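>>> Please work out how this folds:
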Amino acid sequence: MRYQDVYDRAANDPEAFWLEQAETIDWVKPPSKALDDSNAPLYRWFTDAEVNTCYNAVDRHVENGRGDQAAILYDSPVTDTKRTITYAQLKDDVASLAGALLAKGVETGDRVIIYMPMVPEAVTAMLACARIGAIHSVVFGGFAANELAVRIDDATPKAIIAGSCGIEPGRIVEYKPLLDGAIDLASHKPDFCVIFQRDECRADLTARDVDWHEVQKGVEPAPCIPVKGDHPAYILYTSGTTGQPKGVVRPTAGHLVALNWTMKNIYQCDPGDVFWAASDVGWVVGHSYICYAPLIHGNTTVVFEGKPIGTPDAGTFWRVIAEHNVRSFFTAPTAFRAIKREDPTGEEIKKYDISGLRALYLAGERADPDTIEWAQSTMGVPVYDHWWQTESGFAMIGNPAGIEPLPVKIGSPTVALPGFQIDILDEGGNPMPAGELGAIAIKLPLAPGTLPTLWNAEERFKKSYLTTFPGYYETGDAGYKDEDGYIYIMARTDDVINVAGHRLSTGAMEEVLAGHPDVAECAVIGVTDELKGQLPMGFLCTNKGTETSDEQIKQDCIKLMRDKIGPVAAFKLVTIVDRLPKTRSGKILRATMVKIADSEDYKMPATIDDPAILDEIKDALIPMGYAKG
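Reported below is the predicted structural model:
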């Protein structure tokens with residue numbers, strides 16, 4: 001079938017379309033209907049079904065003869081460890097841990113926080129919760145104690161499963177002191193903590209703690225316990241504008257149906273293929289595409305503990321792809337910008353045979369055209385940008401390459417995927433003409449697997465997403481749609497700046513700056529200006545080994561901006577920095593940079609990769625007359 005046929009079918013008869021996709025899932029009780037709109041605009045999918053996520057991700061493949069197939073390939077350059085775990089082994093591991101949780105009193109509906117590094121045991125812990133109907137909430141390993149405490153108080157977990165430490169290039173991050181500090185700060189106290197001890201740093205256990213291996217001794221392996229279709233599979237916290245994190249709820253049945261559909265139709269994977277998402281289980285990409293989707297679909301998933309550069313070099317990604325015969329690869333644009341900066345001529349990739357790779361998929365941060373072009377020429381495979389959010393759980397805009405590969409338009413993640421009607425609206429909620437910048441909003445109901453609400457915060461859910469444009473989900477992103485229906489994500493709505501009455505996209509400006517041959521990475525923010533309201537300010541990171549002077553690069557970029565965007569941008573503020581402040585998932589912290597520049601108070605972002613970078617940004621701003629506070 002062609003993409004348009006599939007899209008139209010999902011739009012015109014969503015009931016039949018999604019019930020047909022549901023046939024790929026093994027149900028305890030199949031759904032009799034797809035959509036439950038009885039409480040609109042709070043829509044639910046497959047509510048009368050009964051199912052178990054772990055059974056679909058693990059047990060059914062063993063029963064269908066895939067027990068000896070690799071389920072997980074663990075590749076850890078930071079510990080020099082590689083391990084293969086088959087589906088049969090994974091089933092035993094998961095059932096054992098789930099049995100231990102049951103024996104310790106964890107029941108269906110109880111919450112379990114998982115605070116783990118990038119090891120296979122993190123996936124085992126997620127699946128063990130799913131096996132018994134416990135609701136897991138994975139918190140990025142190494143998260144600050146006060147931020148972890150906020151999540152403990154919101155989720156009120158009966159248990160916490162944690163690693164003793166995480167391993168970063170050149171340092172070990174001890175998790176246990178952070179965990180103990182968080183529990184001390186939190187009002188809610190878990191009944192017990194399961195600690196997975198790593199040889200690199202073993203933690204001292206308290207009376208509250210049980211050892212990962214010890215707690216499993218002598219327990220009965222747990223069976224798969226069925227849950228209702230709308231039972232929460234997990235809670236995943238995403239940063240909120242108020243500083244209070246939002247607990248995105250993921251419904252079980254819709255999650256199974258939607259993720260299984262994506263593996264073939266977006267990522268072009270057949271069961272048995274090796275799929276690699278270079279992310280972390282703490283992020284939604286890790287939930288959807290390290291743990292759940294590949295395993296539900298019968299693929300082999302790669303659990304990678306390392307970085308795109310420095311573990312040990314800029315060729316690490318190419319080694320993993322070649323060594324494990326990865327067919328489909330998914331990572332963030334920021335990872336490729338790091339590789340490009342370290343190895344701009346692509347020398348490292350020449351050492352490896354990556355001919356088994358079908359495509360590269362990018363998401364998480366806007367993929368600028370320069371990065372896409374570099375990846376295309378270096379790798380020799382199609383490069384597909386696609387766009388989604390923690391809230392959606394999978395792509396809302398993408399190239400439906402497994403149905404019909406559409407022509408790539410660099411700068412666009414392509415088209416709305418089946419199940420999503422995406423409109424560009426003005427401030428009054430009216431559709432914008434093609435080519436004009438507006439708010440990206442999605443007609444309700446959203447596709448199965450997307451968030452039905454926030455954990456214990458239904459009113460906040462409505463206020464955050466459903467009130468600005470009645471009948472729509474507000475994404476918080478700005479962009480436009482061209483004559484062919486291709487959608488361009490230009491910035492967060494907050495990152496559209498107003499320069500003397502002209503609404504300008506910082507994303508479009510970053511595209512221009514990234515086109516300079518000596519610029520490896522960049523960010524543009526809007527700073528306050530008495531005359532024009534706001535002015536754009538550019539931050540540039542240059543390629544290693546560049547021979548052009550900093551001053552020349554800055555002048556070049558000012559001219560480029562004038563030529564490409566025009567004098568209306570009034571772009572004259574530009575500085576060169578060694579690195580940009582980012583979250584651990586690679587998103588640039590533009591809003592925090594704006595507050596620093598405008599000398600406003602700001603809260604240290606919980607997800608920041610390295611807080612010291614903010615001081616570096618402030619030092620760069622002071623000579624320009626900003627960051628005076």
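>>> so which strand or helix has residue 560?
helix 550-564 (DSSP states H and E).
>>> How far off centre is the next helix or strand after that helix?
Counting by DSSP H and E, the next helix or strand C-terminal to helix 550-564 is strand 573-576. How far strand 573-576 lies from its chain's middle: 29 Å, per C-alpha atoms, centre = their mean, to the nearest Å.
>>> Relative to strand 573-576, what are the paired strands and their orientations?
Sheet pairing here is set by DSSP bridges, and for strand 573-576 it gives strand 533-542 (parallel).
>>> list the contacts for residue 560?
Residues in contact with residue 560, defined by C-beta atoms under 8 Å, 6 or more residues apart in numbering, are 512-513, 515-516. Heads up, the C-betas are built off the backbone N, CA and C, glycines and all.
>>> Now for those residues, which sits with the most neighbours around it?
Greatest neighbour count in the contacts of residue 560, by other C-beta atoms under 10 Å, goes to residue 513: 26 neighbours.
>>> Quick one: the strands in the stretch 101-250 of the chain, in order.
111-115, 135-138, 159-163, 165-168, 171-174, 192-196, 209-211, 227-228, 232-238, 246-251 (DSSP state E, counting those that start in this stretch).
>>> Go through those and name the closest to residue 63.
strand 227-228 (19.7 Å; C-beta to C-beta).
>>> and the helix holding residue 560, how far out from the chain's middle?
For helix 550-564, the distance to the chain centre is 33 Å (C-alpha atoms, centre = their mean).
>>> same thing with stretch 582-596?
16 Å.
>>> Also stretch 593-602?
Computed by C-alpha atoms, centre = their mean, the chain-centroid distance of stretch 593-602 equals 26 Å.
>>> mean confidence for that stretch?
Confidence for stretch 593-602, expressed as mean pLDDT, is 92.
>>> now swap in stretch 499-516 and tell me
Mean pLDDT, stretch 499-516: 84.
>>> tell me which residues in it are buried?
Neighbour counts over stretch 499-516 (16 or more other C-beta atoms under 10 Å) mark 499, 504-516 as buried.
>>> thinking again about what came up before, closest one to residue 313 among the strands of the stretch 101-250 of the chain?
Judged by C-beta to C-beta, the one of the strands of the stretch 101-250 of the chain that comes nearest to residue 313 is strand 165-168, at 16.2 Å.
>>> Against which helices or strands is that closest one packed?
Contact here means 3 or more C-beta pairs under 8 Å, 6 or more residues apart in numbering; DSSP states H and E; on that basis strand 165-168 packs against strand 171-174.
>>> CA-only coordinates of the strand it packs on in CSV, if you can.
Presented in CSV, the C-alpha positions along strand 171-174 are these (Å, rounded to 0.1, in the frame of the first residue of the first chain):
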residue,chain,number,x,y,z
ARG,A,171,34.7,8.9,36.3
ILE,A,172,32.4,6.8,38.3
VAL,A,173,29.1,8.2,39.6
GLU,A,174,28.0,6.6,42.8
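>>> Just the residues contacting the helix or strand of the chain with the lowest mean pLDDT, thanks.
Within the chain, confidence by mean pLDDT, DSSP states H and E is lowest for strand 502-505 among all helices and strands, at a mean of 75. With C-beta under 8 Å, 6+ apart as the contact definition, strand 502-505 has outside contacts at 437, 478, 490-491, 495-498, 536, 565, 568-569.
>>> Just the buried residues of the helix or strand harbouring residue 524, please?
Residue 524 is part of strand 519-529 when elements are defined by DSSP H and E. For strand 519-529, the neighbour count (16+ other C-beta under 10 Å) marks 519-527 as buried.
>>> Now the element after the least confident helix or strand of the chain, going C-ward?
Next along from strand 502-505, by DSSP H and E: helix 506-514.
>>> now for that next one, which elements pack on it?
With 3+ C-beta pairs under 8 Å, 6+ apart as the test, helix 506-514 has helix 369-379, strand 487-492, strand 519-529, strand 533-542, helix 550-564 packed against it.
>>> which stretch in those has the least confidence?
When I compare the helices and strands packed on helix 506-514, strand 487-492 is least confident, with a mean of 86.
>>> Distance from that strand to the middle of the chain?
17 Å.
>>> what does the helix or strand just after it contact?
Following strand 487-492 in sequence order, the next helix or strand is strand 496-499 (DSSP H and E). By C-beta under 8 Å, 6+ apart, the residues outside strand 496-499 that reach it are 437, 478, 490, 503-506, 525-526, 532-536, 568-570.
>>> wait, which of the buried residues of strand 519-529 is closest to residue 389?
residue 523 (20.2 Å).
>>> Report the contact partners of that closest one.
Neighbours of residue 523 in contact, by C-beta under 8 Å, 6+ apart: 506, 510, 538-539, 580, 588, 590, 593.
>>> how about 7 Å then?
510, 539, 580, 588, 590, 593 (C-beta atoms under 7 Å, 6 or more residues apart in numbering).
>>> What's the PyMOL syntax to select whichever of these are buried?
Filtering those down to the buried ones (16+ other C-beta under 10 Å) takes a single PyMOL command:
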select buried, resi 510+539+580+588+590+593
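>>> Out of the contacts of residue 523, the closest to residue 298 would be?
residue 588 (36.3 Å).
>>> Below-threshold pLDDT in the stretch 301-450 of the chain: ranges please.
Nowhere does the stretch 301-450 of the chain drop to pLDDT under 70.
>>> need the strands for it, in chain order.
Assigned by DSSP E, counting those that start in this stretch, the strands in the stretch 301-450 of the chain fall at 326-331, 359-362, 383-385, 397-398, 415-416, 422-425, 438-443.
>>> Now that we have these, can you turn them into TSV and tack on distance to residue 16 and mean neighbour count?
Output for those, formatted as TSV (distance: least, C-beta to C-beta, whole Å; neighbours: other C-beta atoms under 10 Å):
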stretch	distance to residue 16	mean neighbour count
strand 326-331	29	24
strand 359-362	29	23
strand 383-385	28	25
strand 397-398	23	25
strand 415-416	19	22
strand 422-425	22	20
strand 438-443	19	22
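>>> can you put those strands in TSV and add distance to residue 249?
Below are these laid out as TSV (distance: least, C-beta to C-beta, whole Å):
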stretch	distance to residue 249
strand 326-331	24
strand 359-362	25
strand 383-385	27
strand 397-398	22
strand 415-416	23
strand 422-425	22
strand 438-443	18
